[in-house]
Each structure stands twice: as C-alpha cells, then as structure tokens.
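Novice: Build me a model from this:
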Amino acid sequence: HVILVQVNPGETFTIRAEDGTLQCIPGPAEVPMMSPNGSIPPIHVPPGYISQVRVDNTGVRRVVVTPQSPECYPPSYSPAISPTHHLPPYLTHPHFIPNSPTPFYPPVSPGEMPPHQYYQHHLPHMYGEGKEFICVERVFKRCSLENHSLSYLLSSSSFQCFVVSCRVNAMCNTVRGSCSEPGSFSTLSSVPDCPLPPKLSHRTKSSLTLQWKPPVDNGSKITNYLLEWDEGKKNNVFRECYFGSQRHYKLTRLCPAFGYTFRLAARNDIGTSGFSPEVVFYTTGNLPQLPLPPRLVRAGITWITLEWTRPDGCTAEEIITYTLEIQEENNGAEFHPKYTGENLTCTVDGLKRSTQYKFRLIASNMEGRSSPSEVLVCNTSPDKPGTPSKPCVKGAVTPYGFCVRWDPPQDNGGSEILTYLLEISEGNSDGASLESMSAIFTTVLYCQPDAWGGRGGHRCTGQGSTGCVLSAKSPLQQPHPSLRPVVNIVCGHTHIPPFTSVALSFLPDCPTFEGACEVTEYNLEMSSVDTEPAEVYSGPALECTVGSLLPGATYSFRVRAANEAGYGPFSPATEVTTAAGPPGQCGAPMLTFISNSCVLASWESPENLGVDISEYRLEWSCGEGTFELVYCGTDTQCEISNLTAATHYCCRLQATNQAGAGPYSELVSCQTPASTPDVVSTFCLAEQDCADNQPFSPSTCLALKWEEPCCNGAEITSYTIALEDRLITVDNGTCYVIEGLQPDSEYRWIRAVSDIGPGPFCPPLRARTRPLPPLPPRLECSAAGPQSLKLKWGESSGTRVLLSDDMVFSLQIEDRSGRFVTIYRGPSHTYKVQRLAESSIYNFRIQALSEAGEGPFSDTYTFSTTKSLPPALKAPRVVQLDGNMCEVTWETVPPMRGDPVSYILQVLVGRDSEYKQVFKGDESSFQISGLQASTDYRFRVCVCRRCQDSGQELCGPPSPPSLLTLRRCEPVAAGEPDPAHAAKALGLISSDEQFATLIVLGFASLSILIAFILQYFFMK
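Specialist: Modelled structure (predicted):
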C-alpha cells in the first residue's frame, strides 16, 4: 500500500533509516511511504497539529498535517498540476537529534511561504513493520484544516509488487498522541525486465537451437516469450519466429554458413518487456576453398606488402580469417605464421635486405582451415652500399697525372657494386669545391690533376657514400721555350645530365714565361665516328661545356690555342663517351582480347640510349583507380587474365635500364565485353511467403530462393532450375515455387541466363519435400465423470496408427460461441478435461502435427458428462426414547439441479454383516421401536437423487455409522438425572468418531505417564 505524506512549505520531513541515521526532506514535497501490511506508519507532528488520513478520488491515501486552531491562513495546493522534482540528497537536520526531549521547530509565517508547489521525491528505502518509519515537523501560525497533507511516494523498480504498511500519530508541543491503526497496501506489478540475449545450444547446416533464461518477472508471472529474427537479411527489420511459454526453440530450413540476428522479449499479464540486445548466430557450412596465392604490391628494403582475394564460394556475410605464412631463405623448409586477421592486405616488417622469401595463404572460417595456397616467391630490395676504403696513389706521380686505387666497401648493400664516382678538387685540400672526375667500373683510375705542379685533393665514392680524401702533388718542370702554346683537354663535371653533355677543361702544355705572348683564344673541334670535325667552341676561357649530345655515344675532341703569333697545333685527340641514359618513351602497348576475361598486351622496344633495356614495367588500372604493377620482365608481351566482364581498364608501359627508368607511355584503355552471368552464390529453401499467398503444400511443393549473381554487363533475363531430367525456366524474380512434386524429390542446381548466354550451374542443392501431414487419430472417451472427461486417441478405423515420437497432437473443445479452443497440445495420447459441468454435452476435435506440417482436423466428437452423486452426510444423531424406542435424525440436502432427493436409513444389528434398510423418504428423522436391550445398533444414512429426465435414481455414499446400545429404563430416583437427558448424553458419544477420540486421549495419557516414569527413574 502507498501512503502519500504531504510536506508543505516551511516543513521539514525527517526519516529515521534502518541504520539509525536521520534524513531530512524540506517542503514542499510529496513523500511516498510503503507498508507491507497496509498499516499507517507512526508520524510525529509538532505541538498544536494533528495528522489526518484522507482518500482522494484515485484511491490513494494521503496523510495531512493540520493545526488544531480553526483560525488559519488557507493555502490552496493542487498536486495534480504541481511539477515533479527530484530533491537534493538528504541532509541531517541539526535540530532533530534522536531521543531529544525538546526538538526545535522553525516558525514560518504565511507571508514567508514560497509558492505552493509539490514535488515528488524518490527514496531507495523500504521500512518494515514494527520500525519507526518517519517523523514530520510542521509549525503553523495560521493554517487551515482542509488542504494540508503529508505525502511520500516510493518510485523505484525494486519496490514492485511489495506489501507496505503505514501508520501516523500527532504531537502538540510535548504531548504526543497515540498511533493510528496501520494501513497496508501492495505496490502494483510491472512488465518483466529485459531478458538476456538467447544462447546457442546446437547448430547444423540448416537449423539453429536457441535457449534463454527467464528475467525478473516484477510481480507478475511470465506467460510467454517473443523471439524475433531478421531472417538473415541484415536490414534491421525483425519478424516474429516464436511466441510461447517454452524457453527454447529450434529454427529449421536455414541456409548453410549464414548469419541470423535474434532478439528476445518477455511478456506477462501487465505487458511486454523491452527487447534484449541483438545477437548473431551462424549455421554451419563448408571449409573454405583453396585460396589464390598472395600478390606482391610493393617491396622495400626491410618490408614487403602483399594482398589477396577472398576464396571462391564464400558468401558476403561469412567471416573469413586469413593466415599468412612465411618461409625465410636458408632457414629450413618450414613455414611459420606471420599474420592472422580478416584484412585482404598485409605489410610484413622486420625482413632482411635483398633476401628471398616465400609466402603462402590459408583461409579459415567457423568450420576449419583450408589447404595452403600456392607459394609466392619475392625478394626484398637492396640497400645503398657502404663507404669504400681511402683512395691511395698507385705507382709514381708524373707531371701530368697519377694513378689512384681503392678497395670496394665491406658492405655492398646486398647487391653487386655497379659504379664508382671519383671527385677531384684542384689547388687546395679542403675539398670545398669538388668536381666529378669520372664514372668508372674499376677500382683504379689515372688522373691528370695539374700540368705544372698544381696540388689536387681527390676522394672516391660508391653510390653516394662519401669516401676519404687523397692529396697528391705533381712535380715541377722546366719552362718550354715555345711561342705557340699547346693545350691538352681534360674532362670535367657539369650540372647538365652527363648522358647529353660533356664538360671540357684546357690545360696549357707550358706555363707563361717572360717575353712570351699570352694566349688570347682557344678553338675546340668535335668529331664523331660518322661526322667530320666541326668547331664547337672558340673563346678565351679555359673550359667549356658541350651539350646536345647523344647518350652512350663516343666523341673526339681536340683544341688549339692562339696568340699574337697565330694558332698553334691541335692537341692530341681526346675521346669522350657520354654516360648511358635511361630508355626513351615506350610506344603505347597494343591490347588484344584472347577471351572475355583475358587480354594480351604487346609492345615494341623504345630507343636504346647506350645501355640495353633491363626490364619492362606494365601497370594496370581498373576504371579511375590506382595503377598496379602486373608485369615486370624483359619480354615484349604479357597476358592479363581474370578480368571482370563489361569493365573499363587502362594501362601504361615503362622501360628501365641501369641508368634509370624512362617515361611512361601514353595511356591505353579498353572495355571488356559482356559475359555470361556468374554462378548463383546462394541457393536455398525459402519461407512460404515466397509463394505470394498462393496455395502452398510443403509435401508437394518446394519454395526456393537465391541471390541475384553478377550479370557481367548483360541484364539477366531468366534463371534455369534443373530438376531431375527437366529444366524449369524462371523469367524474373529470385524465388520460385515448384509444384506437383512427390515426396523426397531432389534438386540439382540453378544457373542464370542473359542475352550473352547461360552461366554456370551453382553447386547442387539437395532438398526433399515433406511427407504428407498425418491424419487425425480416432478420439475416444475412456472415462466420464460429472466434472471431467478422460479422452484417449491413437486408433483409427480399427487399426492402430503408427505415430512417430516427434508427433504432436492438438485437442480442441467447442466453447459457447461455437468456436473451437485448444485445450491441449503435446505428444501424449491421453488427456483429462476437468472443470466441466455435470450432465452437459461437449464437442471435441483433434489434429496431428509433425515435421511434415499440420494435418487436417478430425470430425467432431460429442461426449457428455454424467450426473454427480449426492454427497455423503455426517453421522446421524441417535437419541434413545422411553421404552425400546429411539429417534434418528440427520442433516438435509437441497435439491440437486432440480432433481428431488430422498433419504435411506440403514441399521446394522448386533453382529450382523449387512445393513438393512428401515426407512426411505423425504423426512430428516425417523423413530424406531421394538429394540432389544443390551444390543448394539449402528445407523447410517445415504442420499438418493431421483433424475427426472431419465427416471434413474442415484444413491450417494453412506454416512459414517452411529452406535446405540439400548439400556433398560429404571425408575428415576430423586436427584438422579432424567433418563431422557441420559439418553441424549449417550447419543452424543455413540458415534464412531467420538469413540476414536476417546481412544486417542487414552493413548496420550498413557504416553505422558510412561515418559514421566522414565524421566523419574533414569534421570535420577
């Protein structure tokens, strides 16, 4: 029971909890109280005030605190329009201390009262009977007796369906009134809590068995459970798949390796709970097929990036886990896992440079692991080489040059050393201005740093790593007495690409001496193998750069100097070979279709710039996606397979050599032709709603459904279903119902057909039609009573029906409105219908159900209950009269459903074995005379019912017998009791029940006596 205690503005409502702490609630507020037995809890009020209990129009009792004085300020409160407010946590009242003789009450005047608002406060406390529930403080100067109440509302889910008791009392100053009578009430029941998600107990390729635990019912017994699923469509649309009282359910006719989402709700008489969290369960399937080997995306010095595709035959919903295994070079023949996950790409780190690795892929699902794929062999890239040794002078230093040598670096970066770069600086040794000397392949080079004793510093590098500096000085030479200078040519370094230009320096053969004319001009000529010498430079500078040369070509240079005396002779010819350049731009590759999914790409070799082409790189892209490397090699053609039909592709080609990579060719695009549809991936049995509300019999029909495969550029026009020796064409849609089948028919496969042609058949689906639904058994009534009928079934037309163990029967009875209502559903073959009316006719019908479906209902069977027998009476009352007479009386029974009743009195005399009838009639008493003295007479009475419709007479069971021993009548002396009264006393103890009572009392007295004797002798 809920009692609202109303706390007005200026009041303080104090509660003593079970642990003895005090909690204060300031007004205005409505505080709910709960009492287990409905009693009113004790409420202590300030002096001059009283508490009253009022019942509002909703039936809720309110405790109202009002002053005793009629002079008051009448506040008007309206709890119906007051807002709901959660008060702050309770604070201990500083002036209210347990057992305090003088509690403090703060005065409040009417003008100081805040607006009259009521608040609802939620307390997580429950107080039992016999405890001090609450204490309310209230002080009024002027107040009304009408609209003041104390309320307290418990609103918490833990208080559902509890019995609560409350009581109140009043206190004026120090005088406290007595407590009221406790009032009890019960909280209302609520809907059940949200259940936990169902759990999977068993699964197969076509079934899932779920079970769940009941949630908290919140006071009302759970009657049914609602299980919903999304039918595997993953569209967040749920449909009911089970509704009943069982805590387990088995779903059949499911697709293999398919995921289904479920949620559960509970229902009682109050309503339905919320749904549990969604949970996904998968049916069993097949092991994944052998996956394709992984593909190389890119290789680095210490890492390799690989990618792969899903195995064939896997559905989009199936979760596939991939295991990438690696085998290292020179580390045995065993593979060990390097990555496990669901991604289709992986980067393997921590590898060695320029090392060969082998990879293979394994696919796994919930059923197990597939076999390893074929092995992919790939290498990591080499690293740059280390620093070579310090260069040193080999042999003697001449006036015009010296020979430099060095050792290869200890770390070649994992690959063979291709070139060395020797740099030279003239005049100083700090290396501030270094120029490239030459790109060579040997570790020995002849240098001519100075013609006249210059000092040059030299250092050599390999692949960009700086080497040590070598300093060397050429010896001095006597001046040459020549008027016309002779000039030598030395190759130098330039910032222009070395494969298209060459830098030359002019070194005079003799120094300038006193009296000689200075050189005013240099003339440089260049010639090649097929061309005549031509002047390429003329000027006073000692160096020049000749450009626009061909890579990898040999040119001959000679120079002469001029002064006032004229031109001198040409220097000896110096041959210079330009460095090799990267290949030129390749021509656009030619694409030729071999099949609908295979293209042959061919191309011609580009211009050779001094070095043979080492490889071609063909990159391929689908649509506007990124380019991927599909071929790398020396061939001039490549076959690209596994292309998607009706898809736009483009490609580009690049040639590389030792000098580098050439530019990409122009983009070439192509469009693969349309092809036949792909194989149907999902082909399984469908629900009955696929039949579009057409008549559907699972015994002669099968509903199939499938997912639309990829059309490969041509619209799918129809589907072909192979059934035994015939083909069935389905024009449109992804489901079809085949009719006119016999039980145990099998399907083979299905394929899609487009304008291009039919696609391949899918894997065979073996499906059987259900057997015919069972016929109803014969219904019989094995026993009929006045209020029950025991029915049995299992025989039909004189022959026993072979019933399987999993067959279920549905028994229905016709109600008063003519509708049949199911009263039993289960595997038993008998059922007892109870709570029936006597002598009434009832109609029944039965139905058999099995995995084949629901069979037809039987014909209506009619059974009737019998009339009930009269009840047994109590033992009759026997009173001895004067002489040898006695009077027998018994209780009466009203007519039974309009049938009159009569009574039969029977007597057993002495030691006779049978009762004899002495009376039959409608009276409730009878006098018997002619009794013999000192003889035992036993009387009993039974009730007979005379059926007016059939004239049949039904006799009920006899009553317990009453014993009478006739004694002689003697004259009554003065002071002796009257024989009539003695006879009445004798009749009181003449029944068998009273005799049994005397025997029990005798045995009890004897037992107490024996216990006393044993205690007296043995204890002492």
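
Novice: what's near enough to touch residue 857?
Specialist: 776, 812, 845-847 (CB atoms under 8 Å, 6 or more residues apart in numbering). Just so you know, the C-beta spots here come from the backbone N, C-alpha and C atoms, and that holds for glycine as well.

Novice: Among the residues you listed, name the buried ones.
Specialist: 776, 812, 845-847 (16 or more other CB atoms under 10 Å).

Novice: rewinding a little: biggest separation within the contacts of residue 857, which pair?
Specialist: 776 and 812 (11.0 Å; CB to CB).

Novice: what's the overlap in contacts for the two?
Specialist: In contact with both residue 776 and residue 812: 845-847, 857, using CB under 8 Å, 6+ apart.

Novice: And those, which is closest to residue 192?
Specialist: Among the shared contacts of residue 776 and residue 812, and counting by CB to CB, the member closest to residue 192 is residue 847, at 31.8 Å.

Novice: Run through the bridge partners of that closest one.
Specialist: Counting by DSSP bridges, residue 847 forms beta bridges with residue 810, residue 857.

Novice: what bridges to residue 324?
Specialist: residue 339, residue 361.

Novice: where does the spatially most central residue of the chain land on pLDDT?
Specialist: With distances taken as CA atoms, centre = their mean, residue 279 lies nearest the centre of the chain, 4.0 Å away. pLDDT for residue 279: 94.

Novice: Check which helices and strands whatever helix or strand residue 31 lives in sits against.
Specialist: Per DSSP states H and E, residue 31 falls inside strand 29-34. Packed against strand 29-34 by the contact rule (3 or more CB pairs under 8 Å, 6 or more residues apart in numbering; DSSP states H and E) you find strand 2-7, strand 163-166.

Novice: which SS state does residue 653 fall under?
Specialist: Recorded secondary structure, residue 653: strand (DSSP: H, G, I helix; E, B strand; the rest coil).

Novice: do residue 1008 as well
Specialist: helix.

Novice: Model confidence score at residue 182, please.
Specialist: 78.

Novice: List every C-alpha atom in stretch 897-908, with coordinates, as PDB.
Specialist: C-alpha atoms of stretch 897-908 as PDB (Å, rounded to 0.1, in the frame of the first residue of the first chain):
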ATOM      1  CA  ARG A 897     -30.100 -29.100 -10.300                       C
ATOM      2  CA  GLY A 898     -33.900 -29.500 -10.000                       C
ATOM      3  CA  ASP A 899     -33.800 -33.200  -9.100                       C
ATOM      4  CA  PRO A 900     -35.500 -34.100  -5.800                       C
ATOM      5  CA  VAL A 901     -33.600 -36.100  -3.200                       C
ATOM      6  CA  SER A 902     -34.700 -38.700  -0.700                       C
ATOM      7  CA  TYR A 903     -33.000 -40.400   2.300                       C
ATOM      8  CA  ILE A 904     -32.400 -44.100   3.100                       C
ATOM      9  CA  LEU A 905     -31.800 -45.100   6.700                       C
ATOM     10  CA  GLN A 906     -30.000 -48.400   7.300                       C
ATOM     11  CA  VAL A 907     -29.300 -50.300  10.500                       C
ATOM     12  CA  LEU A 908     -26.800 -53.000  11.500                       C
END
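
Novice: distance between stretch 854-863 and the chain's centre?
Specialist: Taking CA atoms, centre = their mean, to the nearest Å, one finds stretch 854-863 lying 45 Å from the centre of the chain it belongs to.

Novice: Secondary structure element holding the closest residue to residue 255 other than its chain neighbours?
Specialist: In space, residue 255 comes closest to residue 684 once its chain neighbours are excluded; the distance is 3.9 Å by CB to CB, 6 or more residues apart in numbering. In this structure, residue 684 sits in strand 683-685 according to DSSP H and E.

Novice: And the contacts of that strand?
Specialist: So strand 683-685 is in contact with 206, 253-256, 258, 702-706, 749-750, 762-763, 765, 767, going by CB under 8 Å, 6+ apart.
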